[in-house]
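**Student:** what follows is a predicted protein model with its sequence.
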Amino acid sequence: MPGEAVAGPPRTIEDLRALALSVGRDEAGFSLGSKAHDVFAKLVEAPEQSAVRSISELANQFGINPSTLTRLAKRLGFEGFSDFQAVFRKAIANDQHYFYSRQAGRLMAAPSVGNAEVEAFEQLARETAANVDGFLGQLDGDALQGATKLLASARRIRVHGVRQFHSLASFLTYCLGMVRSDVALLDAPRLGVAEALSQLDPGDVVIVASCAPYTRSVAEVARVAASNGQTVIAITDSRSSPLVPPAEYAFFIPHTSSFYSNGMGAYVIFCIALLNLVARELGDKALARLLVGSRAAHCGDEHRGWLTARRSRPTGLTSLARCRGPTQNLRLGQLRTFGASAQPGCERSHPNRSGRNAEKFETSFRFSMRLATIPLVTPAKVIPRCP
């Protein structure tokens, strides 16, 4: 392993995790080989296993020789592996979080009395719960606070993930867009990520997401974005992830699962919680945007329902919405003259319609014209497009 040994070893699990991050960012004053750094990161991400398993069991789990763990411990400044493992044992003994997680794990591991199909769901639920417990045990409050403020205040946010993480990126984009403006997938215009990155300004935020086996292009996006002055937030699985070095804030979500690919349940839960924090940070601004979005959806539903009901009729708003010329400047008085239907060309009126039908027509006509972006002008003012 290159470099000199650490002068004084960390004595808390939090210090060990901070050291693993610093090593990955070349900020620790010493370096580790890629394999050693990967093992170090995995040890601090699963302190329960690191505390109770023997050196041989851990070595078999990571596919290395026990002597590698001993050299790693000494490289970090410990007298040996036992001294290194004592930090994990102390963390487990002093933290009630791990006590309750162990109790919950025992409860969920009870034999199931259901059939094989139900047991498959139960197993995935247990694994997802364990992954959630894994990221809860290593959340950094300061990093969460910093990322939350950044996502609430940044001028522009772009989100990037491929393969499985494309769905997570889409989910984040949609939900962030509900409470703030200028949020999009990085390559939404389909012009390529290089073109999309070139359109960002320093201070804009790029969220990247990936886990092992990492997608090289996502790591490259993070690196280029950071070098261009954008702030990178990484959602990944390990402190040895290639997304971590360029990231201002990094969050680590386990994905161990019996699913034939990476388990995404814990990632979704993390994102939901982060979105709640951003909405709380935005406060009244988020509430206002959610209210506007709700009204817009309501208007759209009413309009679609009305058109469905009218679609079978040969005349009415469907034909009126296709009119050209005078329709674009109809006044409300003229609408009442039209009544409830008109032929293409807007040349025939139907004065025999009742006043009540005319009022209904007027209301529905407003909905139709809003969607068709045809301005309706009253003698005094333009009719607002949203109630």
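**Tutor:** Received the coordinates, thanks. Numbers count the residues shown, from 1 in each chain.
**Student:** domain assignment for the chain?
**Tutor:** 13-94, 141-282, 288-372 (automatic domain parsing).
**Student:** right, and those domains - which one's nearest Glu127?
**Tutor:** Evaluated with CB to CB, the domains of the chain place domain 141-282 nearest to Glu127, the distance being 4.8 Å. For the C-beta atoms, the positions are set from N, CA and C on the backbone; glycine is no exception.
**Student:** circling back: and the domains of the chain as CSV, adding distance to Leu124 and mean pLDDT?
**Tutor:** What follows is the domains of the chain, written out as CSV (distance: least, CB to CB, whole Å; pLDDT from 0 to 100):
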stretch, distance to Leu124, mean pLDDT
domain 13-94, 19, 85
domain 141-282, 6, 93
domain 288-372, 32, 49
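**Student:** tell me where the stretch 101-250 of the chain has strands.
**Tutor:** 157-160, 183-185, 205-209, 231-236, 249-252 (DSSP state E, counting those that start in this stretch).
**Student:** can I get these in a markdown table with mean neighbour count and distance to Glu122?
**Tutor:** Shown next, in a markdown table, are the strands of the stretch 101-250 of the chain (neighbours: other CB atoms under 10 Å; distance: least, CB to CB, whole Å):
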| stretch | mean neighbour count | distance to Glu122 |
| --- | --- | --- |
| strand 157-160 | 26 | 33 |
| strand 183-185 | 18 | 35 |
| strand 205-209 | 27 | 28 |
| strand 231-236 | 25 | 27 |
| strand 249-252 | 24 | 26 |
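**Student:** hmm, back to that, turn the domains of the chain into CSV, columns for distance to Asp133.
**Tutor:** CSV is the format used below for these (distance: least, CB to CB, whole Å):
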stretch, distance to Asp133
domain 13-94, 9
domain 141-282, 9
domain 288-372, 31
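**Student:** before we move on, the earlier item: closest one to Val39 among the strands of the stretch 101-250 of the chain?
**Tutor:** It is, among the strands of the stretch 101-250 of the chain and with distance given as CB to CB, strand 249-252, at 15.2 Å.
**Student:** partners of the closest one, with directions?
**Tutor:** The pairing partners recorded for strand 249-252 under DSSP bridges are strand 231-236 (parallel).
**Student:** what are the contacting residues of the partner strand?
**Tutor:** The contact list for strand 231-236, computed with CB atoms under 8 Å, 6 or more residues apart in numbering, reads 147, 150-151, 154, 168, 203-211, 214, 222, 225-226, 241, 243-244, 246-253, 267, 270-271.
**Student:** got the angle between the helix or strand that contains Glu281 and strand 205-209?
**Tutor:** If you go by DSSP states H and E, Glu281 is part of helix 265-282. Angle of helix 265-282 versus strand 205-209, following axes from the mean of the first three to the mean of the last three CA atoms, to 10 degrees, is 160 degrees.
**Student:** show me what helix 265-282 is packed up against.
**Tutor:** When contacts are defined as 3 or more CB pairs under 8 Å, 6 or more residues apart in numbering; DSSP states H and E, helix 265-282 sits against helix 116-136, helix 141-153, helix 164-179, strand 231-236, helix 284-310.
**Student:** deepest of these, which one?
**Tutor:** Ranked by mean neighbour count under mean count of other CB atoms under 10 Å, the helices and strands packed on helix 265-282 are led by strand 231-236, which reaches a mean of 25.
**Student:** what angle separates that one from helix 164-179?
**Tutor:** Relative orientation of strand 231-236 versus helix 164-179 (the same axes, to 10 degrees): 130 degrees.
**Student:** make 178 the first number, not 1, from now on.
**Tutor:** Fine by me, first position is 178 from now on; the one you just mentioned is strand 408-413.
**Student:** hmm, back to that, next, the buried residues of the helix holding Glu458.
**Tutor:** Neighbour counts over helix 442-459 (16 or more other CB atoms under 10 Å) mark 442-444, 446-448, 451-452, 454-456, 458-459 as buried.
**Student:** got TSV for those residues, with distance to Gln341 too?
**Tutor:** What follows is the buried residues of helix 442-459, written out as TSV (distance: CB to CB, whole Å):
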residue	distance to Gln341
Gly442	12
Ala443	13
Tyr444	9
Ile446	15
Phe447	15
Cys448	13
Leu451	18
Leu452	19
Leu454	24
Val455	23
Ala456	25
Glu458	28
Leu459	29
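**Student:** didn't Pro423 look like it was pressed against Val398?
**Tutor:** No: Pro423 is beyond contact range of Val398, at 9.3 Å (criterion: CB atoms under 8 Å).
**Student:** those two: who's more crowded?
**Tutor:** With neighbours defined as other CB atoms under 10 Å, Pro423 and Val398 compare such that Val398 has more, 28 against 23.
**Student:** that one and Val385 touch, don't they?
**Tutor:** Yes: at 5.9 Å, Val398 counts as touching Val385 under the criterion of CB under 8 Å.
**Student:** shared neighbours of the two, anything?
**Tutor:** Taking CB under 8 Å, 6+ apart as the criterion, Val398 and Val385 both touch His337.
**Student:** buried sites along stretch 188-207?
**Tutor:** Buried-residue list, stretch 188-207, by 16+ other CB under 10 Å: 190, 193-198, 200-201, 205, 207.
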